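# Fold the following for me, if possible:
(one chain, ligands or ions: 1)
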Amino acid sequence: MENVTIDRDGAVVTVQGKVIAENRNGNMILQDRQGKLWPLNSEVIQSRTRDNVPFTLMDSTELEKTILEELPGFSIHKTKHFLICYNTSRAYAQWCGGLFERLFRAYNNFWKRRGLEVSEPEMPLVALIFKDKQSYRRYAAHELGPAVDSVNGYYNTITNRIAMHDLTAASRGSERSIQKPAEINELLLQPMAGQLVATVIHEATHQLSFNCNVQQRFSDIDVWLNEGLAMYFETPDLRSKKGWRGMGDINTERLARFSNYLKHRPADSLYSLIASGDRMQGRSEDQRFDHEEAILDAYSEAWALTYYLLTYEQKTFVEYLKFLGEKKPGITESSERKIEDFEKFFGDLEEVDRQFVKRMQKEIKRNAKKWSGQR
Ligand SMILES: [Zn+2]
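Coordinates of the predicted model:
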């Protein structure tokens, strides 16, 4: 195990873990025993030593203890793969746990059937559920910055955790969140519950992708693909008796937004979408997913492209995912490189764009009835 002493805003801290990536300048990414990543700039590293203790990730008991020390007053609900840490009602935590496990099975089956090897997570997956917006805000503000007010839940690749607040109060337009299982079932019959389920599933999908080897937490993440996958899975029909339905169906809300975007979509839209990289990698601000006003357009296009490729270019898409999954950690890629890699699999970008738009216009025609007349 590596012991790295760092200067963290004036305080001296020692982090123990495994070096995931390191460059010539001495910058490194360290993974600690909680599974958390520490991107460390050489300037903050004061010393480092290596001992003979082999690196292991925390087991469930140790992880539980550590989290409860960090979040006093919280309780833990354990499922097969998740550690749900909550200060809201036990009923809501249990409901989320059940939903996560159902997603886990459906997600695994989905990829296995398409020839993508998914692996079991290396450690329990941590989800924090806060009872209200205020306590969530206290935890999330320094990770999210100003976005904390507009985001009800998120998955963080650095901490590997999901954090969200109990959404049941807002979903039924009330002050009080639900307390009993029967109340959740009642709530799920309401149309506004769709958004609640979508948020929970969306964030859990991110977490699964990065823990079952579909995506790499340590690589230069393709934002369109990352968000596209989460949106592809986000709208299950929970009332289905067969368990899980709706995975990969048309996401009506995203399609409606995309339809609108097509009216003023610039010619280089696909290029700018695919070239958008992860903010964490210290990129410039000028990216599709950073602009407040345009972000919903970018999301809708990311969903549409993922839907299009998974529907019409499925085999190639799975090969592309495997390729991305094997990328080396800690390397920032240029926009040109991202486009080059994409074209290696799917061919000339302009041609992809033509086919993509043609197909999606057909889907829009077929589905427009669902959103015209709403409002
Ligand atoms: Zn997302």
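
# Wait, M192 touches S171, no?
Yes - M192 lies in contact with S171 (CB atoms under 8 Å); the separation is 5.4 Å. No exception for glycine: its C-beta is placed from N, CA and C like everyone else's.

# Which one's more surrounded, the two?
S171 (20 against 11; other CB atoms under 10 Å).

# wait, that one sits on G194?
No - the pair S171 / G194 is not scored as a contact, 9.2 Å apart, by CB under 8 Å.

# ok, and for stretch 48-62, which residues are buried?
By 16 or more other CB atoms under 10 Å, the buried positions in stretch 48-62 come out as 48, 57-58.

# what's the following helix or strand after the helix or strand containing Y155?
If you go by DSSP states H and E, Y155 is part of strand 153-156. Later in the chain than strand 153-156, the nearest helix or strand by DSSP H and E is strand 161-165.

# And the average pLDDT for the helix or strand that comes right after that following strand is what?
Counting by DSSP H and E, the element after strand 161-165 in chain order, helix or strand, is helix 168-171. Per-residue pLDDT over helix 168-171 has a mean of 80.

# do stretch 28-45 as well
The model assigns stretch 28-45 a mean pLDDT of 93.

# which other residues reach it?
The contact list for stretch 28-45 (CB atoms under 8 Å, 6 or more residues apart in numbering) reads 2, 4-8, 15-22, 25-27, 55-58, 62-63, 66, 122-123, 157-160, 217-218, 280, 329-330.

# ok, now stretch 203-210?
99-100, 103-104, 107, 125, 127, 153-155, 157, 160-162, 164, 214-217, 226, 229-230, 233-234.

# Show me the domain layout of this structure.
The chain breaks down into these domains under automatic domain parsing: 2-50, 58-214, 218-375.

# Turn the ones you listed into CSV, columns for distance to the ion.
Shown next, in CSV, are the domains of the chain (distance: least, CB to the ion, whole Å):
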stretch, distance to the ion
domain 2-50, 18
domain 58-214, 6
domain 218-375, 4
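
# By mean pLDDT, show me the worst of these.
Across these, the lowest-scoring stretch is domain 218-375, with a mean of 87.

# Out of the contacts of stretch 28-45, list just those in strands.
Among the contacts of stretch 28-45, DSSP state E puts 2, 4-8, 15-22 in strands.

# Same list, the buried residues of stretch 48-62, but as TSV with distance to Q314 please.
Listed next are the buried residues of stretch 48-62 as TSV, based on distance: CB to CB, whole Å:
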residue	distance to Q314
R48	45
L57	33
M58	37
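
# For E292, which three-state class applies?
coil (DSSP: H, G, I helix; E, B strand; the rest coil).

# Next, the contact list for it, please.
When the contact criterion is CB under 8 Å, 6+ apart, E292 has no partners at all.

# List phi and psi for it.
phi -40, psi -50 (degrees, to the nearest 10).

# Renumber starting at 233 from here on
All right, first residue 233 from here; so that's E524.

# Neighbours of P423, how many?
6.

# what about the strands in this protein?
Counting by DSSP E, the strands of the chain are 234-240, 243-254, 260-264, 269-272, 277-282, 307-310, 314-318, 357-362, 385-388, 393-397.

# Output these as JSON lines; include the columns distance to Q593.
Converted to JSON lines, these look like this (distance: least, CB to CB, whole Å):
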{"stretch": "strand 234-240", "distance to Q593": "52"}
{"stretch": "strand 243-254", "distance to Q593": "42"}
{"stretch": "strand 260-264", "distance to Q593": "43"}
{"stretch": "strand 269-272", "distance to Q593": "41"}
{"stretch": "strand 277-282", "distance to Q593": "53"}
{"stretch": "strand 307-310", "distance to Q593": "45"}
{"stretch": "strand 314-318", "distance to Q593": "40"}
{"stretch": "strand 357-362", "distance to Q593": "38"}
{"stretch": "strand 385-388", "distance to Q593": "32"}
{"stretch": "strand 393-397", "distance to Q593": "35"}
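
# Which of those sits closest to E583?
For E583, the closest of those is strand 385-388, at 33.9 Å, according to CB to CB.

# name the helices or strands packed onto the closest one?
helix 365-376, strand 393-397, helix 425-443 (3 or more CB pairs under 8 Å, 6 or more residues apart in numbering; DSSP states H and E).

# can you tell me which residues contact M463?
M463 neighbours (CB under 8 Å, 6+ apart): 434, 483, 486, 531, 534-535, 538.

# What is the burial count for the residue nearest to E254 when sequence neighbours are not counted?
Once flanking residues are discounted, E254 sits nearest to M260: 4.3 Å by CB to CB, 6 or more residues apart in numbering. Residues lying near M260 (other CB under 10 Å) number 20.

# go on, Y368?
Quick note: Y368 (other CB under 10 Å) scores 23 neighbours.

# what does F450 give?
Count around F450 with other CB under 10 Å applied: 18.

# residue contacts, it?
Counted by CB under 8 Å, 6+ apart, F450 has contacts 252-253, 261, 269, 561-562.

# among those, who's most crowded?
Ranking the contacts of F450 using other CB under 10 Å puts L269 first, with 22 neighbours.
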